[in-house]
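Colleague: model this:
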Amino acid sequence: MPLDRFVLILVLVILAAGITVWLGTIVFAGISQPWILSLLIPAALIAYVVVRVIRDRMAEGDKYDRTPR
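Modeller: Numbers count the residues shown, from 1 in each chain. Down below sits the predicted model:
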């Protein structure tokens, strides 16, 4: 990949992340909610992903594990 394309993609990703954080702070500032709810939503999403990964790996064996048995 050419360097100029890589730098362009990197700048756009950083810009998009910054805009997302900026809009998120505006939305959360406009909503009166307890601070614990702000922590509970990301924690619930992370827990959901962890549970899905564990269930996928336990269901039919770990397809990413290549150790002979």
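
Colleague: use CA for all of it now, contacts and neighbours both
Modeller: OK.

Colleague: what's the offset of the helix or strand hosting L10 from the middle of its chain?
Modeller: In this assignment (DSSP states H and E), L10 forms part of helix 3-30. How far helix 3-30 lies from its chain's middle: 14 Å, per C-alpha atoms, centre = their mean, to the nearest Å.

Colleague: tell me the average confidence for it?
Modeller: Helix 3-30 carries an average pLDDT of 90.

Colleague: so the helix or strand hosting A47 versus helix 3-30, what angle?
Modeller: Of the helices and strands defined by DSSP H and E, A47 is found in helix 35-59. Angle, helix 35-59 to helix 3-30, by axes from the mean of the first three to the mean of the last three C-alpha atoms, to 10 degrees: 130 degrees.

Colleague: Pull up the gap between V21 and L3, please.
Modeller: Using C-alpha to C-alpha, to the nearest Å, V21 is found at 27 Å from L3.

Colleague: Of the two, which one has the most company?
Modeller: Here V21 and L3 are compared on neighbour count by other C-alpha atoms under 10 Å; more neighbours surround V21, at 12 against 8.

Colleague: Report the contact partners of the more buried one.
Modeller: Contact analysis of V21 by C-alpha atoms under 8 Å, 6 or more residues apart in numbering lists nothing.

Colleague: List phi and psi for P2.
Modeller: Backbone torsions of P2, given as degrees, to the nearest 10, read phi -60, psi 150.
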